[in-house]
Each structure stands twice: as C-alpha cells, then as structure tokens.
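Undergrad: Below are the sequence and a predicted model; questions follow.
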Amino acid sequence: MKIIRLCPLLFLIFFFGCEDKEIAAQQMYEKAIILWNSNKKTDSMLTLDNLLIKYSTTSISKKAFQQRQIYLFDYKFDYYPHKEEKEIISIALQNKLNEYFKLNNRYPNNVNELNADTELLSYFNECSYEKGLSNFGFIINCDNVSNEFMLLNKYSEHLKNDLPIDSFMAYYKTERNQVHPIDSKLIKNINLSNLKEKFYSKNTKISFVDEPKDFKVKYTGYIETAKPNNKIIKVDSGNQKIKIIIDNKIVYLGNGKNQFSYFFDKKLTKIIVDFNYKGVVAKQYNIYCNLQIDEN
C-alpha cells in the first residue's frame with residue numbers, strides 16, 4: 001500500500017525536475033544568443049558548451065548544438081591568428097603572441113606572460129587582448145596606444161630588440177583569402193623570390209597547381225633614422241607592379257628596376273610595400289620583389 005502511494009509522488013518529482021531542466025536550458029540558450037549579439041562571442045560559446053554538458057537530455061540541446069556549429073564558423077574566422085595589423089604596437093604584440101604560441105603550443109592567458117621588455121609590456125597592457133577558445137587565435141586592439149607621437153616621445157634604445165624596427169611584418173594573401181592572410185611572418189629584408197621554394201614548400205595550404213589565382217604580399221614596418229636625411233630606395237619587381245607607401249602617402253607605383261630619393265625627416269618612419277602577382281600558375285615560380293634602402 002505504501003509503494004502505491006509513493007508512485008504518484010515520484011512521478012511528480014520526476015515531472016517537475018524535468019520541467020525545471022527544460023526551463024533552465026531554455027534560459028541558458030537565450031542568454032547565449034544575447035551574448036553573441038552583444039559581441040561577447042567567447043562567453044556565448046562557453047554558455048552553449050555548458051548547456052550541452054549540463055542539459056544534454058533536454059529538448060533544447062539539439063537546437064543549441066546546431067546553433068553552436070553555426071557560431072563556430074564565424075568564431076574561428078574572427079580569432080584567426082594572422083589578422084593584418086597596421087600599427088607598430090599592434091604588430092609588436094602580434095609578433096610576440098605568435099612567438100609564444102610556437103614555444104608553448106598555446107596562446108597566453110594575458111600579455112604579462114609574454115617575454116618582452118617591461119616598458120613594452122606597459123604598452124601591451126593598454127591594448128585589449130582576448131584569447132580564442134581551443135587556440136583558434138586571438139583578437140587584439142591597440143588603437144588607444146598605437147599613437148606615433150606617444151611612441152616617439154617614449155621610444156628608447158633598449159626596446160629595439162622587441163619592436164619590429166628596420167624590419168617588416170609580411171602578410172601573404174591569395175584571391176580566396178582577402179580578409180585574413182594565409183600566413184604572416186617577421187622578416188628583416190624585402191627580398192621575395194622563388195616562392196615555391198621559399199614559401200610554399202613550407203606551407204601546404206595553397207597549391208600552385210590547384211590555385212591559379214592572384215598572389216599578394218603586404219609588408220609593413222618602420223625605418224629608423226638617426227637624423228633627418230635623404231635615402232635612396234632601390235626597387236626591382238620584374239614585370240609586376242608594386243606600390244610603396246611612406247607615412248600614408250603613395251611615393252612609388254611601378255615595375256622593373258627603379259630607384260628614387262626620399263627625405264626621411266622623422267626618427268621612425270612607417271613604410272608599406274604592396275606586391276601583387278597576377279595569375280600565379282604552375283611552373284611560374286620565379287617571382288621576385290626586392291627593395292633596398294641606402295644612405296644617400
């Protein structure tokens with residue numbers, strides 16, 4: 001008789017327990033949507049992950065899984081590690097983050113874990129930095145500190161080893177990868193030749209045979225000048241056009257062998273070189289672009 005009386009009670013406990021889980025799961029799902037729409041994408045993904053773990057048996061879990069797969073595509077894209085940074089502090093931070101990943105196979109939780117000079121770390125701490133889930137990459141924003149006036153006034157000799165000065169960040173792109181480069185690396189000199197051996201043999205993401213598309217390289221760096229003076233810029237890009245931008249002004253657009261004089265009047269001068277190669281196809285490997293800057 002006692003067992004018969006317990007059955008309705010157990011049923012009610014089970015019923016309301018399930019109902020509570022459905023309500024909680026629905027609330028968590030709605031929270032994830034709100035977080036995503038508020039551009040808090042990592043929090044949104046974590047909320048969906050927690051929902052799938054904690055409420056895997058609920059009716060909303062299937063919908064949450066499908067939504068997570070949709071979000072995951074955009075999330076990976078946003079946190080891709082080879083975003084093209086444009087300002088000197090952003091470039092320096094990106095370089096340090098990629099160095100850290102090569103050594104540790106993960107990105108740091110915060111910028112204080114980076115191996116950098118104390119003064120440079122103080123700049124990094126003023127940047128916003130967010131590590132993506134599962135080492136998808138990171139998002140940085142140094143707009144509030146990448147002010148050249150501030151940098152030039154606080155620039156000191158012992159930062160030379162940390163900042164990409166008299167060197168360049170190279171960003172490699174193809175027609176299919178216009179927003180995010182397929183690779184980026186710090187280089188000392190702009191000397192691009194025989195791409196198959198120097199670049200593509202180390203990167204299997206793109207095949208010359210399968211991808212007869214445009215190939216682009218963008219170099220960004222700073223030239224240090226002890227005192228204002230003229231420098232000779234020598235260019236050799238074969239039959240391919242290159243564009244040289246110095247302090248946001250186009251100073252050269254052409255191809256072949258050329259040289260011109262430019263007056264460097266600041267201690268640090270920003271220089272950008274755009275190199276576009278049209279119609280990369282198999283057996284056309286000998287592509288080159290050389291740039292040399294000499295004292296006048």
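TA: Received the coordinates, thanks.
Undergrad: Of all residues in the protein, which one is nearest the centre?
TA: Using Cα atoms, centre = their mean, the residue of the chain that lies closest to the mean C-alpha position is Lys83, 2.6 Å off.
Undergrad: wait, what's in contact with that residue?
TA: Lys83 makes contact with Gln94, Gly137, Ile139, His180, Pro181, according to Cβ atoms under 8 Å, 6 or more residues apart in numbering. All C-beta spots, glycine's among them, are computed from the backbone N, C-alpha and C.
Undergrad: Repeat that for Asn39.
TA: Counting by Cβ under 8 Å, 6+ apart, Asn39 has no contacts.
Undergrad: A strand includes it, no?
TA: No. Assigned with DSSP: H, G, I helix; E, B strand; the rest coil, Asn39 falls outside any strand and is coil.
Undergrad: per-residue confidence at it?
TA: Confidence at Asn39, expressed as pLDDT, is 89.
Undergrad: now swap in Tyr29 and tell me
TA: For Tyr29, the model assigns a pLDDT of 95.
Undergrad: Which strand or helix spans it?
TA: helix 2-37 (DSSP states H and E).
Undergrad: Moving C-terminal from that helix, which element do we reach first?
TA: helix 41-54.
Undergrad: Using CSV, write out every CA atom in that next one.
TA: Taking C-alpha atoms only, helix 41-54 is exported to CSV below (Å, rounded to 0.1, in the frame of the first residue of the first chain):
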residue,chain,number,x,y,z
LYS,A,41,31.3,35.7,-28.5
THR,A,42,33.6,33.7,-26.2
ASP,A,43,31.1,34.0,-23.4
SER,A,44,28.3,32.9,-25.8
MET,A,45,30.3,29.8,-26.9
LEU,A,46,31.1,28.8,-23.3
THR,A,47,27.4,29.2,-22.4
LEU,A,48,26.4,26.9,-25.2
ASP,A,49,29.1,24.4,-24.2
ASN,A,50,27.8,24.4,-20.6
LEU,A,51,24.3,23.9,-21.8
LEU,A,52,25.3,20.9,-23.8
ILE,A,53,27.1,19.4,-20.9
LYS,A,54,24.6,20.1,-18.1
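Undergrad: What is that helix packed up against?
TA: Secondary-structure packing of helix 41-54 (3 or more Cβ pairs under 8 Å, 6 or more residues apart in numbering; DSSP states H and E): helix 2-37, helix 60-78.
Undergrad: as a whole number, average confidence for the shortest one?
TA: In other words, helix 60-78. Per-residue pLDDT over helix 60-78 has a mean of 91.
Undergrad: Which positions within stretch 47-65 qualify as buried?
TA: Thr47, Leu48, Leu51, Leu52, Tyr55, Thr58, Ile60, Ser61, Ala64 (16 or more other Cβ atoms under 10 Å).
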